[in-house]
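Novice: got a predicted structure plus its sequence, pasted below:
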Amino acid sequence: METLPTARRTEDIALDLLKFVAAHANVGGKQAGATGFGVPSSSKSEDQVQQLLDLYTRCREAVESPTVNK
């Protein structure tokens, strides 16, 4: 009996896209303080989380939007 390949969910594809974009754009990564050392403040951490959530939303929209053939 042959098993059919399972289709990937758009959420999984969007998550892979998020990982790729975030890695190459340094989004959500740890950042040093202005002096080059120190611990980021909680507001910066919240900003990073919000950036990642916004990016994930954009990735989902990109994956789920229909393509237009011209």
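Specialist: All right, it came through fine.

Novice: tell me the secondary structure for E11?
Specialist: Secondary structure state of E11, per DSSP: H, G, I helix; E, B strand; the rest coil, is helix.

Novice: need the contact list for it.
Specialist: With contact set as CB atoms under 8 Å, 6 or more residues apart in numbering, E11 has these partners: R60. From N, CA and C alone the C-beta is placed, and that goes for glycine too.

Novice: report the separation between it and R60.
Specialist: 7 Å (CB to CB, to the nearest Å).

Novice: and Y56, what element?
Specialist: Using DSSP states H and E, Y56 sits within helix 42-64.

Novice: buried sites along that helix?
Specialist: Using 16 or more other CB atoms under 10 Å as the test for burial, helix 42-64 gives 48, 55-56, 59-60, 63.

Novice: where is pLDDT lowest across the residues you listed?
Specialist: Least confident entry in those, by pLDDT: Q48, with 88.
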